[in-house]
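Build the 3D model from these lines:
(one chain, ligands or ions: 2)
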Amino acid sequence: MLNKLNVEGLDVKGKRVLVRCDFNVPLNEKLEITDDTRITGAMPTIKYLADNGAKVILCSHMGKPKGNPVPELSLAPVAKSISKKLGKEVVFAPDDTVVGDNAKKAVSEMADGDVVLLENTRYRAEETKNVDAFSEELALLADLFVNDAFGTAHRAHCSNVGVTKYVKPAAAGYLIEKEIQFLGNAVNAPVRPLVAVLGGSKVSSKISVIENLLKKVDKLIIGGGMAYTFFAAQGKTTGTSLLEPDYIEYAKKMLEEAGDKIVLPVDTVVAEKFDNDAPSKVVEGNIPDGFMGLDIGPKSIELFKSVLKDAKTVVWNGPMGVFEMPNFANGTNEIAAMLAELDAKTIIGGGDSVAAVNQAGLGDKMSHISTGGGASMEFLEGKDLPGIVALTDAE
Ligand code: ADP
Ligand code: MG
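Ligands and ions are numbered 1, 2, ... in the order given. All right, here's what the predicted structure looks like:
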């Protein structure tokens, strides 16, 4: 599937291997990591390299320090977390320029199997502009390069793309491999029927996803706020629901072309205010004046379940309602519960969908939860991801 060199294709013993990970994890006020999913995701590659005698030099961005050394966005807490998971000390190299004297010293003192973590790559303004000079400085620290940061694979930055100009070969880590294997097979070589469930707030932000997926799926379920623009296209009233008037014509065209491939909600949980405590009711068809749709209704849940029942592959991107409000999370939770039970490959991509599934405690019941919201979305749009294109082709 992924026609790129992977870590196992590298001769790493005694070599300095620069590994770009996605350690962009959330921190609380005490600078403690509140969700270490991304660190856990990077461990197989780190372990493999350390166990095979590489000198493992880790790098990542965190948050948006915008080219300045912002202490609250230091990767120091990440070094501690990796040390714990690895059962061996990871040396953190605090360095305002990321690749300065501290970093060079830490790398020069490494023994085979040691692990060093560099400081937040976005302390450098060049990082997100993919400026050659910083890419080369990073590359000079290493003999080989591995990219395992799926979450930034849709961006061309120094530490994932630029650096591959100066250090070769460049291989994919296990996490990137796994992401591409699941997302790629689901979309390009699925066990059928393939059903996609799309939701979230806007049609406009997911047009390319809709278009690309319509070509591939057997059924496309549309829920969430984006359903109302399709309601309008069907001639239904939408009250004060989210609506994108500029996209009604587009939705009409999609419905004409896709026929019964597109499955829309048949009833809606509505309220007069965008508020968890607003009194709500279920309406079928039209949404009355003064009311907004905040979740799919019980008949829609049944309809969607009947479509999902026979699916062998499901790709889900975007919640079915305003799941952040408990009173309007039912549709999203019901679909999550259904997918958890389903005898099918279930792939969840999209930051909020992943949050919803985890909030429901069903993360480990899914076949694959993507670690990259934006990257998985661009993948579903059928785009090439620069962080992957830049890697060395497999023989
Ligand atoms: P993802 O991150 O999974 O790709 P999106 O970012 O596209 O999902 O959409 C998630 C957002 O959509 C959530 O904040 C959710 O509250 C919102 N949303 C879903 N349904 C509705 C609705 N009916 N009205 C308003 N917002 C909605
Ligand atoms: Mg989102």
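
drop to CA atoms for contacts and neighbour counts, all remaining ones
Will do.

Would you list the phi and psi of the residue located most distally from the centre of the chain?
The C-alpha centroid of the chain is most remote from residue 289, which lies 36.9 Å away (Cα atoms, centre = their mean). Backbone geometry at residue 289, expressed as degrees, to the nearest 10, gives phi -50, psi 140.

Relative to residue 216, how far out is it?
When distance is defined by Cα to Cα, to the nearest Å, residue 289 is 37 Å away from residue 216.

for residue 350, same thing?
19 Å.

Just give me the neighbour total for the residue lying closest to the residue farthest from the centre of the chain once chain neighbours are set aside.
Counting by Cα to Cα, 6 or more residues apart in numbering, residue 289 lies nearest to residue 239, which is 4.5 Å off, once chain neighbours are set aside. As a burial measure, residue 239 scores 18 neighbours (other Cα atoms under 10 Å).

correct me, but residue 239 touches residue 285?
No. Residue 239 is beyond contact range of residue 285, at 11.6 Å (criterion: Cα atoms under 8 Å).

one step back: may I have the residues that are in contact with the residue nearest to residue 289?
287, 288, 289, 290, 291, 292 (Cα atoms under 8 Å, 6 or more residues apart in numbering).

Considering those, which is situated nearest to ligand 2?
Among these, residue 292 lies closest to ligand 2 (Cα to the ion), at 20.3 Å.

What strand or helix carries the closest residue to residue 73 other than its chain neighbours?
Leaving out its chain neighbours, the residue that sits closest to residue 73 by Cα to Cα, 6+ apart is residue 62, at 6.2 Å. Per DSSP states H and E, residue 62 falls between elements, in no helix or strand.

And the pLDDT at residue 62?
If you check residue 62, the pLDDT there is 97.

And it, how far from ligand 2?
Separation of residue 62 from ligand 2 (Cα to the ion, to the nearest Å): 18 Å.

quick one: contacts for that residue?
23, 24, 25, 73, 74, 75, 120, 121, 122.

Need the buried ones from these selected in PyMOL.
The buried residues among the contacts of residue 62 can be selected in PyMOL (16 or more other Cα atoms under 10 Å) with this line:
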select buried, resi 23+24+25+73+74+75+120+121+122
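
nearest to ligand 1, of the contacts of residue 239?
Minimum distance to ligand 1 across the contacts of residue 239 is 7.6 Å, recorded for residue 292 (Cα to the nearest ligand atom).

Now do the contacts for the residue lying closest to the closest one once chain neighbours are set aside.
Nearest non-adjacent residue to residue 292, counting by Cα to Cα, 6+ apart: residue 241, 4.0 Å away. With contact taken as Cα under 8 Å, 6+ apart, residue 241 is in contact with 225, 228, 291, 292, 293, 294.

again, 10 Å this time
Counting by Cα atoms under 10 Å, 6 or more residues apart in numbering, residue 241 makes contact with 225-229, 270-272, 274, 287-294.

And stretch 241-260, what's buried?
241, 242, 243, 244, 247, 248, 250, 251, 252, 254, 255.

Check these against ligand 1 and report the nearest one.
Of those, the one sitting nearest to ligand 1 (Cα to the nearest ligand atom) turns out to be residue 242, at 5.7 Å.

Next, the closest residue to residue 327 other than its chain neighbours: phi, psi?
Of all residues not flanking residue 327 in the chain, residue 276 sits nearest, at 5.8 Å (Cα to Cα, 6+ apart). Residue 276 adopts backbone torsions of phi -60, psi -30, taken as degrees, to the nearest 10.

now residue 276: how far from residue 324?
From residue 276 to residue 324 the distance is 9 Å (Cα to Cα).

The two: which has the busier surroundings?
Comparing residue 276 with residue 324 by neighbour count (other Cα under 10 Å), the higher total belongs to residue 276, at 17 against 14.

mind listing the strands for the stretch 1-150 of the chain?
16-20, 55-59, 90-93, 115-118, 144-147 (DSSP state E, counting those that start in this stretch).

Of the ones you listed, which is nearest residue 209?
strand 144-147 (25.2 Å; Cα to Cα).

which residues touch residue 56?
Contacts of residue 56 (Cα under 10 Å, 6+ apart): 12, 14-19, 45-47, 49-50, 90, 107, 110-117, 142, 144-146.

Between residue 350 and residue 216, point out the one with more neighbours.
It is residue 350, of residue 350 and residue 216, that has more neighbours when counted by other Cα under 10 Å, with 21 against 17.

Does the more buried one touch residue 368 like I think?
No. In this structure residue 350 lies outside contact range of residue 368 using Cα atoms under 10 Å: 12.0 Å.

Residue 280 and ligand 1: what is the separation?
13 Å (Cα to the nearest ligand atom, to the nearest Å).
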